[in-house]
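> Quick one: sequence plus predicted model below, questions after.
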Amino acid sequence: MFKRTLALVGLVSIIFAGGCSGGGGGSTPEPTVPEQLQTAKTYLETGDIASARATYSAIIGDAAATTVAKVIKSTPEPENAEARVGRALCDIMLLIEKAPFTAILAGFGQPAWATSSVFGPTGYLYLSTTETNPDESALPFYNARDCWKGATGHYHSYRCFITHMTSGYIIPNIAASLNELMTSVDSIIADLSVAIGTAGAAYNIPKALYTGDADIPLNHADMVQMLAGMYMLKAASDFANSWNFNIDLSSLVDSNGNSLLSKAQVVTLLNQQFGLRADNRLSSARTNLQTALTYSLASLQEVLAGASGGVLNLSTDNQSIYNDLNSLVSSVNNSMSGRAALEQVLPIVEVNLNDFFNNPANGDAIASDPFVYSGGRIVAVEAYWQQMIATACNYTLRTHIKMFSDATRAIARPYYKLFNAIMGHKFGNFQAGGGA
């Protein structure tokens, strides 16, 4: 009896052991990297951006950028580049769900925004193809949508928009939130920096993500330009955190958009602004701007050399525009080390960003006020603003008063031609441009 019982226990143990190890059919094999990449794309097609990101992270092996060397050894470079770009794109879309972005929306009286309100089967883009009047209430700034629809008289659109703002919410609050958001941007930069290390890096954004009629192809030049954009965003955050502009916009108008301050009071308030903060981030701004310009130039030159298979592609229609942009960005980049004339801008304006960063404009150090109240109008003080801009360029107020309008005409181009790859295609029920 004892032997039979022991044999039965042994048999049961073998059965359970076999079951735990996959039984007679063998263990389930781990998915290959190409299969994981396809899984991530499938998640994107359904609008599940968080799951797509998690899948890309599993391919990469570690969310930390410090594992780059290990990752490249364990995953073939093209597949690693695709995973990196995929995760970067997911993170770009998920920025809108981050706490700092939600705080900015709350300051403007807006609810939190989710990617699902735009993408996927419940998103606005899909609904725009199935419903005549899809629900827009989940979109950002929905409660201010009417501010730009026929606002007349004293109730101008900007006043209408301000009425939705939270009392006490000031510009430095926005700047602080932008600064907090840069931690997430740094992760995007880390992934794109790895991706562009692969010369033939490519990625296709699936059309189902945005309910389109074609995938969006990204080539190496596109990725480099995306990286430039992320550094430009960091520079913008640095600039926003460098000067004082402590105005509670909600204090300017009442709930009906009527002014709460007289013009004289507005002048007093404005004249307290524009001072350079002691904790300014201009050193960081210089580094980030310089890096953005360097990457942007690299991307433009790659396109001019004949890059293809992406959004940024050279054609007979856009070559002159790419040449102009390359010249303009080159001149701005050159100004980081000394005086340089801005290409494509007439009349000629010389910019010296090196001087600007070495001796930045500081409104508190200028004797005059920036504005005065005269003849019932708020008037800018020329002497003040001349000193402010002189740190960056040789533009002379009054004598070159037409510069801005002339410059606008001089650089006006049909920039949509830079993106011929997506022109004419559908995004939901909306068409990009007039033709492919």
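Yep, it's here.

> switch to C-alpha atoms for all contacts and neighbour counts from now on
Will do.

> so where's the chain shaky on pLDDT?
Scanning the chain for pLDDT under 70 picks out 1-27, 62-76, 148-157, 344-347, 396-413, 434-436.

> Which helix runs longest in it?
In the chain, taking DSSP state H as the definition, the longest helix is helix 171-195.

> name the helices or strands packed onto the next helix or strand after that one?
With elements assigned by DSSP states H and E, the helix or strand that comes after helix 171-195 is strand 203-205. Applying 3 or more CA pairs under 8 Å, 6 or more residues apart in numbering; DSSP states H and E, one finds that strand 203-205 contacts helix 77-94, strand 216-218.

> hmm, 6 Å instead?
With contacts taken as 3 or more CA pairs under 6 Å, 6 or more residues apart in numbering; DSSP states H and E, strand 203-205 sits against strand 216-218.

> How far away from the center of its chain is the strand it packs on?
In terms of CA atoms, centre = their mean, to the nearest Å, the centre of strand 216-218 is set 17 Å apart from its chain centre.

> Please enumerate the helices of the stretch 301-436 of the chain.
In the stretch 301-436 of the chain, the helices defined using DSSP state H, counting those that start in this stretch lie at 319-334, 353-358, 382-390, 403-411.

> As CSV, these with mean neighbour count and distance to residue 250 would be great.
Putting the helices of the stretch 301-436 of the chain into CSV (neighbours: other CA atoms under 10 Å; distance: least, CA to CA, whole Å) gives the following:
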stretch, mean neighbour count, distance to residue 250
helix 319-334, 18, 37
helix 353-358, 18, 33
helix 382-390, 17, 27
helix 403-411, 14, 31
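
> Now render the ones you listed as a markdown table, adding distance to residue 159.
As requested, those are exported to a markdown table (distance: least, CA to CA, whole Å):
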| stretch | distance to residue 159 |
| --- | --- |
| helix 319-334 | 35 |
| helix 353-358 | 34 |
| helix 382-390 | 26 |
| helix 403-411 | 26 |
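
> So for residue 248, which of those helices sits nearest?
The closest of the helices of the stretch 301-436 of the chain to residue 248 is helix 382-390. By CA to CA, the value is 23.2 Å.

> So what touches that closest one?
Defining contact as CA atoms under 6 Å, 6 or more residues apart in numbering, one finds that helix 382-390 is touched by 361, 368, 370.

> Go ahead and confirm residue 56 touches residue 85.
No. Using CA atoms under 6 Å, residue 56 makes no contact with residue 85, being 9.0 Å away.

> Could you report the neighbour count for residue 190?
Number of residues near residue 190 (other CA atoms under 10 Å) recorded here: 18.

> quick one: it and residue 47, what's the gap?
Per CA to CA, to the nearest Å, residue 190 is found 24 Å from residue 47.

> And residue 189, by the same measure?
Residue 189 sits 23 Å away from residue 47, going by CA to CA.

> Between those two, which is the more surrounded one?
It is residue 47, of residue 189 and residue 47, that has more neighbours when counted by other CA under 10 Å, with 24 against 20.

> now the helices for the stretch 101-250 of the chain?
124-130, 157-162, 171-195, 220-240.

> Out of those helices, indicate the one that is most buried.
Highest mean neighbour count of these: helix 220-240, a mean of 23 (counted as mean count of other CA atoms under 10 Å).

> Same question for the next helix or strand after it: list its buried residues.
Going down the chain from helix 220-240, the next helix or strand is helix 263-270, by DSSP H and E. The neighbour-count check on helix 263-270 (16 or more other CA atoms under 10 Å) flags 263-264, 266-268, 270 as buried.

> on that earlier part again, could I get the contacts of helix 382-390 as CSV with distance to residue 29?
Putting the contacts of helix 382-390 into CSV (distance: CA to CA, whole Å) gives the following:
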residue, distance to residue 29
361, 62
368, 74
370, 70
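
> Buried ones among those residues?
Buried, going by 16+ other CA under 10 Å: 361, 370, out of the contacts of helix 382-390.

> show me what contacts the closest residue to residue 108 other than its chain neighbours?
Excluding its sequence neighbours, the residue lying closest to residue 108 (CA to CA, 6 or more residues apart in numbering) is residue 165, at 4.2 Å. Residue 165 makes contact with 107-109, 250, according to CA under 6 Å, 6+ apart.

> buried ones in the helix or strand harbouring residue 35?
Residue 35 belongs to helix 33-45 when elements are defined using DSSP H and E. Buried residues in helix 33-45, counted by 16+ other CA under 10 Å: 33, 36-37, 39-45.

> number of nearby residues for residue 137?
Residue 137 is flanked by 13 other residues according to other CA under 10 Å.

> Also the one 10 residues further on?
Each residue near residue 147 was counted by other CA under 10 Å, and the total is 18.

> Help me confirm that it comes into contact with residue 160.
Yes. Residue 147 is within contact range of residue 160, at 5.5 Å (criterion: CA under 6 Å).

> about what we covered before: against which helices or strands is the helix holding residue 35 packed?
Applying 3+ CA pairs under 6 Å, 6+ apart, one finds that helix 33-45 makes contact with helix 49-60.

> and the gap between residue 113 and residue 194?
Noted for residue 113: a distance of 30 Å to residue 194, by CA to CA.
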